[in-house]
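Peer 1: structure here, sequence nowhere to be found:
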């Protein structure tokens, strides 16, 4: 009899596995024995060859079955719906006061008193700086006196015209004198209007002697001292408005779609969270950073002007994490398990290292462990399902 070691050695020395498969499908048992056991042919009697060949066929069938099973790649799978995540986006932001002026003098005068210091709060209309107003008070008095004189002259001219008209009826006055009275009245009216405007301008200058806060504000700068002489346009104090702040956020191009679709926008800064609402997205991109600026309003409590933080928002569409993507033939995609084989599903919109939106059924079995060794159509052996990757 031919021993098992002899058979194995004969197989090893004769051909490869692929050749064995071809031989069993193409030749008779006697021819297989002839090919495999050519070195032992002289030791086998003719009536023993069929028996050895039958045993060989049984053994080789089992061997090839084991080889076929060993070619399948062991993989783990998970349902696609279990690994999809709703992304959370963020972008740098800062709180900007809508009004941050430097209050300037509107007249030429010496600083008489300063009512506030840096850090003080001022309500709308509160006095901030008092200027020496004696010269402007005097100018106002003079303008009012000129107004009284012009008013008296206007009244006199009006009475003169009335007399001239009465005399004209009795033909006791010439047409020329009547025209003169009409002209005197017109001049008086113009002079009266001019004096009224002079009084109004003088009163405005007197009003500028006290510099007041135009809105609720905090004093950020003190630029003058008591005794300084301020000319028209001299900056006196720096203010920053305490209400109506804007939040400015810089958005990358790929963030804009999710930002506009977001339902909740939150500013996170220094441990605080401030709800926001979108007011405007500027229709221009920064030429250096290639970002677009959006302006948002606070819906409730506002953060302090100058505060820096990040605007947080949640995406609407669930995305597939980039760790499940593999590249095959220059395309990114995923491997899915289908009837014992691996199917590569390309995803053209996918980018390296970025989550991707998928339009696949959530029950699709996504291959996780073992996907790096696979090619499209490879046989797979699915192991127990695992928890989604973090």
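Peer 2: The structure has been received and is ready for your questions. Remember, it's a predicted structure, so these values are computed and weren't measured experimentally. Numbers count the residues shown, from 1 in each chain.
Peer 1: so what touches the lengthiest strand in the chain?
Peer 2: Of all segments of type strand in the chain, defined using DSSP state E, the longest is strand 272-285. Contact partners of strand 272-285, identified using CB atoms under 8 Å, 6 or more residues apart in numbering, comprise 246-247, 251, 253, 256, 259-260, 264-267, 291-303, 311. Backbone N, C-alpha and C define where each C-beta goes, glycine included.
Peer 1: swap the cut-off to 6 Å and go again
Peer 2: Residues external to strand 272-285 that are found in contact with it (CB atoms under 6 Å, 6 or more residues apart in numbering): 247, 265-267, 292-300, 303.
Peer 1: just give me the closest of those to residue 78.
Peer 2: residue 266 (31.5 Å; CB to CB).
Peer 1: that older thread, restricted to strands, list the contacts of strand 272-285.
Peer 2: Checked against DSSP E, those include these in strands: 247, 265, 266, 267, 292, 293, 294, 295, 296, 297, 298.
Peer 1: now the helices for the stretch 51-200 of the chain?
Peer 2: 80-83, 134-169, 175-207 (DSSP state H, counting those that start in this stretch).
Peer 1: tell me the mean pLDDT over the last one?
Peer 2: I take that to be helix 175-207. When pLDDT is averaged over helix 175-207, the result is 93.
Peer 1: which of the residues in that helix are buried?
Peer 2: For helix 175-207, the neighbour count (16 or more other CB atoms under 10 Å) marks 181, 184, 185, 188, 191, 192, 195, 198, 199, 202, 205, 206 as buried.
Peer 1: ditto for stretch 321-338
Peer 2: 321, 324, 325, 326, 332, 333, 334, 335, 336, 337.
Peer 1: ok, the first one - contacts?
Peer 2: Right, the one you point to is residue 321. By CB under 6 Å, 6+ apart, the contact list for residue 321 reads residue 355.
Peer 1: for the fourth one, same thing?
Peer 2: With contact taken as CB under 6 Å, 6+ apart, residue 326 is in contact with residue 371.
Peer 1: going forward, begin numbering at 29 instead of 1
Peer 2: That works, and once the first residue is 29, the last one we named lands at residue 354.
Peer 1: what bridges to it?
Peer 2: Beta-bridge partners for residue 354, by DSSP bridges, are residue 361.
Peer 1: gap between the residue nearest the centre of the chain and residue 106?
Peer 2: With distances taken as CA atoms, centre = their mean, residue 279 lies nearest the centre of the chain, 3.5 Å away. With distances defined as CB to CB, to the nearest Å, the gap from residue 279 to residue 106 amounts to 33 Å.
Peer 1: what does residue 193 give?
Peer 2: Distance of residue 193 to residue 106, computed by CB to CB: 108 Å.
Peer 1: so the two - more neighbours on which side?
Peer 2: Between residue 193 and residue 106, counted using other CB atoms under 10 Å, residue 106 has the larger neighbour count: 20 against 13.
Peer 1: quick one: low-confidence parts of the protein?
Peer 2: 29-98, 412-418 (pLDDT under 70).
Peer 1: show me it divided up by domain.
Peer 2: Domain assignment for the chain by automatic domain parsing gives 32-99, 102-110+347-410, 161-236, 272-342.
Peer 1: nearest to residue 131, out of those domains?
Peer 2: Of the domains of the chain, nearest to residue 131 by CB to CB is domain 161-236, at 11.3 Å.
Peer 1: okay, buried residues for stretch 111-129 please.
Peer 2: Applying 16+ other CB under 10 Å to stretch 111-129 flags 111, 112, 115, 117, 119, 121, 122, 123, 125 as buried.
Peer 1: same question for stretch 325-333.
Peer 2: Residues 326, 330, 331, 333 are the ones in stretch 325-333 that count as buried (16+ other CB under 10 Å).
Peer 1: for the second one, grab phi and psi.
Peer 2: When quoted as degrees, to the nearest 10, the phi and psi of residue 330 stand at phi -100, psi 150.
Peer 1: spatially nearest residue to it (excluding sequence neighbours)?
Peer 2: residue 273 (5.2 Å; CB to CB, 6 or more residues apart in numbering).
Peer 1: residue contacts, the one you found?
Peer 2: By CB under 6 Å, 6+ apart, residue 273 lies in contact with 123, 125, 330, 333.
Peer 1: and if we set it to 8 Å?
Peer 2: 123, 124, 125, 126, 326, 330, 331, 333 are the contacts of residue 273 under CB under 8 Å, 6+ apart.
Peer 1: no further questions, thank you.
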